[in-house]
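**Student:** pasting the structure only:
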């Protein structure tokens, strides 16, 4: 099948992106990963400032790329990566807001599944409510890596919203359902992966706490959340 690349949103030619891509919402975090983890990284994308690089990591070809904020943004990039560039695995590393009192700033959340208020699944014309889930093998490897590194982590459900500044007080009910944290990208990544028959995982660092009001700065989120990156690069 002919691959129509570059795409409207990714400037790479077919073959310039590795089969495994580690993504972050902030393109500067992708740049940081390229500099920190990749040997001889080559930039393949700067369309709309969404930086992407391909290089070598411990003998394996890996790409890193930004995906922007929100379910629609990551949906566009991951759809094109899976369907036009034959990417097989995508791991998102990002930030999240904790919903449980026992979770602390800096802890890692491995998103086994994602609840959502998004209507993204409507396009598939399903006869019920779809449950977006991670690839089990990646999930298990990530948990094992956290154990190996000694990183505090939790595995479970997250809530992924379309709205960041929400006036809907019902969102607090997700805490009562055992949801670990809020983020904004997992469902469309997991659904795109499922539809394409590929693998995906979301690993987040707790950047703020919904119950206590604790927060971190944008600079801290960009430059210091490296534990989740260590985990992601150890399992690819």
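**Tutor:** Cool, got the structure. What you are looking at is a predicted structure, and each value in this text was computed from that prediction instead of being measured.
**Student:** distance of the residue most central in space within the chain relative to residue 157?
**Tutor:** Residue closest to the average C-alpha location in the chain (Cα atoms, centre = their mean): residue 92, at 2.1 Å. Distance, residue 92 to residue 157, by Cβ to Cβ, to the nearest Å: 16 Å. Every residue, glycine included, has its C-beta placed from N, CA and C.
**Student:** then residue 106?
**Tutor:** Distance from residue 106 to residue 157, by Cβ to Cβ: 20 Å.
**Student:** tell me which of the two has more neighbours.
**Tutor:** residue 157 (20 against 16; other Cβ atoms under 10 Å).
**Student:** and that one, what does it touch?
**Tutor:** Residues near residue 157 by Cβ atoms under 8 Å, 6 or more residues apart in numbering: 111, 112, 113, 114, 115, 177, 178, 179, 180.
**Student:** if you set the cut-off to 10 Å instead, what comes out?
**Tutor:** Counting by Cβ atoms under 10 Å, 6 or more residues apart in numbering, residue 157 touches 99, 109, 111-115, 131, 133, 174, 177-181, 186.
**Student:** buried residues, the helix or strand containing it. List them.
**Tutor:** Using DSSP states H and E, residue 157 sits within strand 153-160. Buried positions in strand 153-160, judged by neighbour count with 16 or more other Cβ atoms under 10 Å: 153, 154, 155, 157, 158, 159, 160.
**Student:** residue 73: which of these is nearest?
**Tutor:** residue 160 (12.5 Å; Cβ to Cβ).
**Student:** quick one on the thing from earlier: the residue nearest to the centre of the chain reaches residue 202, doesn't it?
**Tutor:** Yes: with contacts counted by Cβ atoms under 10 Å, residue 92 reaches residue 202, the gap being 4.6 Å.
**Student:** okay, and the common contacts of those two?
**Tutor:** Joint contacts of residue 92 and residue 202 (Cβ under 10 Å, 6+ apart) are 23, 74, 111, 183, 185, 186, 189, 190, 228.
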